[in-house]
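A.B. asks: How does the following fold in three dimensions:
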Amino acid sequence: MKIMSRTMLLPLLLIAGACSSAVRQPEVRLESVRVGGIGLRGGTLHAQVYVGNPNSFGLETRSITYDMQVEHPDSAGRWVSFAQGTVDEPVRVGGNSSTIIDVPIQFRYDDLGGALRSIIDTGTFNYRVSGDVRLSEPVGRTVPYSKTGIVSLSGVRD
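C.D. replies: Numbering: from 1, shown residues only. This next block holds a predicted model:
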């Protein structure tokens, strides 16, 4: 019985591998970041993550991670950790389709340290964000994304 199971296992693994390689890599990119709200202790930014599905079948996300940093306005090239997190909300992307996923990024002013005063004075800051979109269907796969840009208190520029 064990010999029968092992001989059946190899063809199944080969078929699964062939199906997995037939899945084309989805396109993931950060479209924009905008200010959602500002409060006394912090605020919310909204990152718009584009997920394009080049396959003829639907895909579903399991989660989206993000790691956002802000460039210290008084020290070019010095990045300050701003916010990290995971959005555990399944999103379905149809075959040969795309969608924009809104990822809310909550932050506290305390996390910005000395950079906060300069950001308030100039009204803008450079950011970089990276993360992964974790797909759950039809096969588990992780697709990275990243973007660098400028957030203005009045909007976003690339």
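A.B. asks: Now do the same contact list for the spatially most central residue of the chain.
C.D. replies: In the chain, the residue lying closest to the centroid (C-alpha atoms, centre = their mean) is Gly131, at 4.5 Å. By C-beta atoms under 8 Å, 6 or more residues apart in numbering, the contact set of Gly131 is Ile64, Thr65, Tyr66, Asp67, Pro144, Tyr145, Ser146. No exception for glycine: its C-beta is placed from N, CA and C like everyone else's.
A.B. asks: Could I get the buried residue list for stretch 23-32?
C.D. replies: By neighbour count with 16 or more other C-beta atoms under 10 Å, stretch 23-32 contains the buried residues Pro26, Val28, Leu30, Ser32.
A.B. asks: Equivalent analysis for stretch 131-144, please.
C.D. replies: Neighbour counts using 16+ other C-beta under 10 Å place Gly131, Asp132, Val133, Arg134, Leu135, Arg141, Val143 of stretch 131-144 among the buried residues.
A.B. asks: quick one: which of those is nearest Asp121?
C.D. replies: Closest approach to Asp121 among these (C-beta to C-beta): Gly131, at 29.4 Å.
A.B. asks: For the closest one, give its distance to Phe125.
C.D. replies: 19 Å (C-beta to C-beta, to the nearest Å).
A.B. asks: Give me the next element, helix or strand, following the worst-scoring helix or strand of the chain on mean pLDDT.
C.D. replies: Least confident helix or strand, the chain: helix 2-21 with a mean of 44, by mean pLDDT, DSSP states H and E. Following helix 2-21 in sequence order, the next helix or strand is strand 27-38 (DSSP states H and E).
A.B. asks: Alright, calling it a day.
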